[in-house]
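**Q** Here's my sequence, what's the structure:
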Amino acid sequence: MIYFLIYLFLEVMISSTISGQIGGLLTFVEILLTVVIGTTILKNFKFSLSEKINAVKNGEITQDEFVKSSVGKAIGAILLIVPGFFTDIIGILLQFGLFTIVFSKIFKFKPRASNNSNYSQTNYSYTEFNSYNQPKQKGEEDVIDVEIIDDNKSIKH
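**A** Numbering: from 1, shown residues only. You can find the predicted model right below:
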C-alpha cells in the first residue's frame with residue numbers, strides 16, 4: 001500500500017510539472033502517442049518472444065535472462081499504455097535491456113524451492129511407463145480413446 005501511495009505521489013508531481021510546462025494539448029498528444037506505441041509493442045511482442053525462445057533453445061541466453069527481458073518489455077509496454085509521465089518514463093526505460101537488468105536487481109525474483117531442484121534433473125523414459133508387454137488380466141479389454149475434431153469453423157444451430 002505504501003508503494004502505491006509513493007507511486008501515486010510521484011506520478012501526480014511529475015505529470016503536473018511536465019504538463020504545466022508543455023500545456024494541455026501536447027499532454028493529450030503525448031498520452032495518445034504513448035498508447036499507440038505501447039499497443040504496437042504488445043502486438044509485436046509475440047515475434048520478439050518467439051525469437052527469445054529460439055535463443056534459449058540454442059543456448060544463446062539463459063532462462064533467467066529470457067524471463068527478465070521478456071517480462072521487462074511486456075511490463076514496459078503496459079506502462080506506456082497507462083496515462084502519466086512517470087509510468088511512460090519507466091515504460092520506455094524497461095524497453096532497453098540494460099534498465100531491465102537494473103530493475104531486476106532492485107526487484108529480485110524468488111528463487112526456486114529446494115525440493116523442486118531435483119525435478120528438473122530427473123529423466124523419465126518412455127519404456128518405464130510402457131505396459132504393452134504385460135499380460136492382460138481376466139476381463140480386460142483393449143480400449144481405444146478417440147477424439148473427433150470438427151474443422152468447420154461456423155457456428156451450428
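**Q** Could you use CA atoms for every contact and neighbour count after this?
**A** OK.
**Q** quick one: buried residues of the longest helix along the chain?
**A** Counting residues, the longest helix found in the chain (DSSP state H) is helix 24-57. Neighbour-count burial for helix 24-57 flags 27, 30-31, 34-35, 38-39, 41-42, 45, 49, 52-53, 56 (criterion: 16 or more other Cα atoms under 10 Å).
**Q** for stretch 16-26, same thing?
**A** S19.
**Q** quick one: average pLDDT of it?
**A** Averaged over stretch 16-26, pLDDT sits at 93.
**Q** Same check on stretch 70-81?
**A** Averaging pLDDT along stretch 70-81 gives 88.
**Q** what do you get for stretch 40-59?
**A** When pLDDT is averaged along stretch 40-59, the result is 86.
**Q** Need the CA coordinates for it. PDB is fine.
**A** Extracted as PDB, the C-alpha positions of stretch 40-59 are listed here (Å, rounded to 0.1, in the frame of the first residue of the first chain):
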ATOM      1  CA  THR A  40       2.200  -1.700 -31.000                       C
ATOM      2  CA  ILE A  41       4.900  -3.100 -28.800                       C
ATOM      3  CA  LEU A  42       2.400  -5.500 -27.200                       C
ATOM      4  CA  LYS A  43       1.100  -6.600 -30.700                       C
ATOM      5  CA  ASN A  44       4.600  -7.300 -31.900                       C
ATOM      6  CA  PHE A  45       5.600  -8.900 -28.600                       C
ATOM      7  CA  LYS A  46       4.800 -12.400 -29.900                       C
ATOM      8  CA  PHE A  47       7.500 -12.000 -32.600                       C
ATOM      9  CA  SER A  48      10.300 -11.000 -30.100                       C
ATOM     10  CA  LEU A  49       9.100 -13.600 -27.700                       C
ATOM     11  CA  SER A  50       9.500 -16.400 -30.300                       C
ATOM     12  CA  GLU A  51      13.000 -15.100 -31.100                       C
ATOM     13  CA  LYS A  52      13.900 -15.200 -27.500                       C
ATOM     14  CA  ILE A  53      12.500 -18.700 -27.100                       C
ATOM     15  CA  ASN A  54      14.700 -19.900 -30.000                       C
ATOM     16  CA  ALA A  55      17.700 -18.200 -28.400                       C
ATOM     17  CA  VAL A  56      17.000 -20.100 -25.200                       C
ATOM     18  CA  LYS A  57      16.700 -23.400 -27.200                       C
ATOM     19  CA  ASN A  58      20.000 -22.700 -28.900                       C
ATOM     20  CA  GLY A  59      21.700 -21.800 -25.600                       C
END
